[in-house]
Every structure is written in structure tokens, then in C-alpha cells.
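K.L.:
here is a sequence together with a model predicted from it:
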Number of protein chains: 2
Amino acid sequence: MISKEQIKFIRSLHRKKFRDSGQQFIIEGPKMIAEAIQYAPESLLKVFGTEPIQGKLPEHVVFEEIDNKTLGQISTLKHPQKQVAICSYLHNETTRPDFYIALDTIQDPGNLGTILRLASWFGVQHIIASKETADCYNPKVVQASMGAIFNVNIEYIDLKDAFEATDLPIYGSLLKGENIYKKEISKKGILVMGNEGNGISDELLSFITDPIAIPQFGNGESLNVAMATAVLLSEFSRPR
Amino acid sequence: MISKEQIKFIRSLHRKKFRDSGQQFIIEGPKMIAEAIQYAPESLLKVFGTEPIQGKLPEHVVFEEIDNKTLGQISTLKHPQKQVAICSYLHNETTRPDFYIALDTIQDPGNLGTILRLASWFGVQHIIASKETADCYNPKVVQASMGAIFNVNIEYIDLKDAFEATDLPIYGSLLKGENIYKKEISKKGILVMGNEGNGISDELLSFITDPIAIPQFGNGESLNVAMATAVLLSEFSRPR
């Protein structure tokens, strides 16, 4: 049976401070657990659920049955999804591929999760993020990523250092950039997306070699950063 | 001074039943009010705020100062944004342009609001939606639309009737559609986006003349409906 201490421990993982100290985070629901098993089985540690998952758990993973009340206590969701599992922090690859994304202070967890999901769909395996960007192990990020947290690598670093050290073209999404539909773009480079309110920060602007923008066709005031990322990743991925 | 009855009335507009009976809805914050003034001044009826809006209100609009406590009572937001305004339902144009979107049971208010915002950006002025689609006057939709509610026209109808009566090509976003990057597409047509969980409903599938899909480049399990709409509207808008 699950102990009071275990419940307290799982609840502590709702908060970054305790996630960082134990290097563990939680995921919720059968879909997320299936993604963990497929892409990062070694990271999955323990599953608590009102019912077992369908399919096989890796050998080292223990399943513990809990009641609905306990599920409500350990879940971060309004409508808990049968299971909550504990995972260890993921191994962060630091070799960067030829094309990757840089996030400058994306603060909304939903936006970060959506960008992870987009990266995963468009085959972008690596993201570098400023330290002010939302925590990728925040339960809202993890859920919005729909499992992409397990197959996209995210590295929190000083973006300036990364930009100084690279020879890749640095594409920056800017209001006054060149029309992305007309510009010649390479399949190699870094795509920089800026903060929800302030865009790319001043100290990074000078590193942008290729300012790009999505032209406005109607009266729309703006696109949010996740929608802009969708359109730009589509452009970098599609045949041109 | 604002009366208890007025507070009660504004709070009633948080719910569809009361919005429909009075044909009124609320918007919040200086940005939304500015959009209303720009695109639908006649719809703006009354503004309540802890401070006046910057700029001029239309002559027929009354401003009433309220305190922070009252703002909290009439707002739907966790962090209220200075003003709450009452608007009358918008005039729904029923002449459809050559290109428009059809939404088959988009249930999440955030998704509907984001799709309105995307439509506005990409210059799509008209949306038809099944009656099971989220209410466009739901405060979450209105806020997520970032004002697009005022410049995109949304019509709730039986989609089957609309599809039966049209000669336009009907593009349906389907998992097994043709690769959107390779397919010849027209600037005229209807783009059909389906429900978050179930996609386009069976009874509408036979009307789809052109099934389309965004190819998967990585391991990503899926794109959500708003992200897919972003990519598809980009494809219909960009030069090809």
C-alpha cells in the first residue's frame, strides 16, 4: 500500500525545487506512460494507478494500485487520468544536430509543451533554452508535450555562449524579418523564438544572421509563439 | 455606482444560457476593448474598469469606474486586466467568401480561440461551425482569439447542408490525406478541421473531395488541431 510519505513525496514533485533535488518528475495517464516506455524506458521508475496500464511495463518498473482519492491527491490534473508515474530526469545529449531550435525566455508552460510537440512532429531533436524559459519537467509542460519530452532533447544554457560558438546561420523570428515564404533558407541552422511579450532579447539580436517573419494576410494582430513555430518549422521541413 | 443587480447580470454572462437570452457577451482588458473599438464599435455597450481605457470610447459607450474587488467579481480571469466590457452579439454575415474554414465539433475553447486568431492572421474572414463546436462567445474563446472574434465571422450551422449546397472543393484534414506540400491546391475551397479526439465525423467524410495531411517528419505522435490549422492555413496562403 502507498504510504503517507510516498504521497507527500509525489506531491513534492509538483514543484521545481523538489524535482531538481531528487532529479525526478511525474507524468500522467496511459498515453504518456506508453510514450515513456517506448522512448525512455530506463527513465520510468514507478507507476501508481487505479488500474494497471495496458501492455507490459519494463522489468525494473513497479506498479502499485491506488484508489481514486489517492489518485486525486497525487495528480496535478483536474481530471486525473488513471495513472501517475515517477520518472528520473532525462539524459540530456549535448551534441547538437545541424538544425535546432533556441528558445529565448518562453515562459508559458503550455507554449513550451506545444513547441516540444511541434519539434517532435517535424523531426527537430534538439532545443536549447535560456535559463528563464519554463522548466521542461513542469507537469503542464510535460502534459502539453504529449510525450515529446521523451524524444526531444532540451538543454538549458546561456544562449549567448551557444551563438558565439556556432558557424550555423541563426534565424530569428522577428516582426520585421524577411518574408519566410520568399527567403532562401538552409536546412542547417538555429531557429530562435523569442519571449511571448518581448520577443528576442536585445543582447541576442546582434547574433541573428537571418531575421525572418510570417507575413500578415489579414487584420490579425499577432500570432502566438507556438503558432509561429508551427508555421516556421513547416517551412524549414517542407520541400522548397 | 455599479449596483448589485449589474454585478449579478455581468456574472450571468459567464454562462451561455444567459448570454444567449440577452444576446450579449463580455470581453476583458485594454487590448480586447481596443480591438472592439476598431472592428465592431457598435457592438461595444458599456465598460467597467478600475481605470479608464487609453484613447477614446465611441460616443454611445458609457464608462463606469469600479474598485478592484468588484473587478474580481465580474471578471472570468485569475488575473483580471483592468476592464470588463459588455458587447452585443456580432452581426453574422451569411455570405460566404471563396475560401473559408469549416469546424466539425471543435470542443476546446482554447483551440477555437486560437483558430479564430489564425484565421484573422491569414485573412480568412469566415468560419462555419457545427452546433457541437464550442460557443464563440465563451469568455475563454474570446480571450484566446485576441480580438479576432471581431474580424472573423462565425456561423453555427449544419455542416452537411453547407457541403451539399457548395461547388467549392472541400479539403479535409485527415491522417491519411495527401501530402499537403505536394498536392495541387486551389485558393478557393473549404478547409474542414475535425474534432480533437475523433477527427472529421463519419457523416461528413463522404463530402470531402480533397483529403489532405501534414506529413510527419519525426516521431511526434500527433499535432493538435490548432497547430495543424496553422500549418494548413500557411499552405493555402503562401505563394506556391
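P.N.:
Here it is on my side, so go on.
K.L.:
could you report the neighbour count for residue A:128?
P.N.:
Neighbourhood size, residue A:128 [other Cβ atoms under 10 Å in any protein chain shown]: 24. For the C-beta atoms, the positions are set from N, CA and C on the backbone; glycine is no exception.
K.L.:
helix/strand/coil for it?
P.N.:
Assigned by DSSP: H, G, I helix; E, B strand; the rest coil, the conformation of residue A:128 is strand.
K.L.:
you'd agree it is up against residue A:97?
P.N.:
No - counting by Cβ atoms under 8 Å, residue A:128 stays clear of residue A:97, with 11.3 Å between them.
K.L.:
need the residues of chain A near chain B, please.
P.N.:
By Cβ under 8 Å from any Cβ of the partner chain, the residues of chain A that approach chain B are A:31, A:35, A:39, A:114, A:117-125, A:146-148, A:151, A:181-182, A:214, A:216-224, A:226-227, A:230-231, A:234-235, A:237-239.
K.L.:
could you measure from the closest residue to residue A:157 other than its chain neighbours over to chain B?
P.N.:
Nearest-residue entry for residue A:157: residue A:128, 5.7 Å, with adjacent residues in sequence omitted and distances by Cβ to Cβ, 6 or more residues apart in numbering or on different chains. According to Cβ to the nearest Cβ, to the nearest Å, residue A:128 and chain B sit 17 Å apart.
K.L.:
sorry, back to before: show me which of the residues of chain A next to chain B are buried.
P.N.:
Taking 16 or more other Cβ atoms under 10 Å in any protein chain shown as the criterion, what is buried in those is A:35, A:39, A:114, A:117-125, A:146-148, A:151, A:181, A:214, A:216-221, A:223-224, A:226-227, A:230-231, A:234-235, A:237-238.
K.L.:
name the SS class of the residue nearest the centre of chain A, please.
P.N.:
Computing the C-alpha centroid of chain A and ranking residues by Cα atoms, centre = their mean puts residue A:116 first, at 3.9 Å. Under three-state DSSP, residue A:116 falls in the helix class.
K.L.:
test my guess that it contacts residue A:140.
P.N.:
No - Residue A:116 is beyond contact range of residue A:140, at 11.7 Å (criterion: Cβ under 8 Å).
K.L.:
partners of the residue nearest to residue A:157 in the sheet?
P.N.:
Beta-bridge pairing of residue A:128 under DSSP bridges involves residue A:102, residue A:155.
K.L.:
can you give me the domain boundaries for chain A?
P.N.:
A:4-88, A:99-237 (automatic domain parsing).
K.L.:
which of those domains is buried the deepest?
P.N.:
domain A:99-237 (a mean of 20; mean count of other Cβ atoms under 10 Å in any protein chain shown).
K.L.:
quick check: end-to-end length of it?
P.N.:
One end of domain A:99-237 sits 10 Å from the other (Cα to Cα, to the nearest Å).
K.L.:
what average pLDDT does that domain get?
P.N.:
Mean per-residue pLDDT for domain A:99-237: 96.
K.L.:
which stretches of chain A form strands?
P.N.:
Counting by DSSP state E, chain A has strands at residues A:24-28, A:44-49, A:62-65, A:83-88, A:99-103, A:126-129, A:153-156, A:170-179, A:189-193, A:210-213.
K.L.:
residue contacts, the closest residue to residue A:234 other than its chain neighbours?
P.N.:
Nearest in space to residue A:234, with sequence neighbours left out and distances taken as Cβ to Cβ, 6+ apart, is residue B:231 at 4.5 Å. Neighbouring residues of residue B:231 by Cβ atoms under 8 Å, 6 or more residues apart in numbering or on different chains: A:230-231, A:234, B:180, B:214, B:223.
K.L.:
repeat that for residue A:150.
P.N.:
So residue A:150 contacts A:35-36, A:38-40, A:43, A:90 (Cβ under 8 Å, 6+ apart).
K.L.:
and residue A:171, by the same measure?
P.N.:
Residue A:171 sits next to A:185, A:189-192, A:208-212, A:232 when contact means Cβ under 8 Å, 6+ apart.
K.L.:
go again using 10 Å as the cut-off
P.N.:
A:99, A:101-102, A:177-178, A:180, A:183, A:185-186, A:189-193, A:208-212, A:232, A:235-236 (Cβ atoms under 10 Å, 6 or more residues apart in numbering or on different chains).
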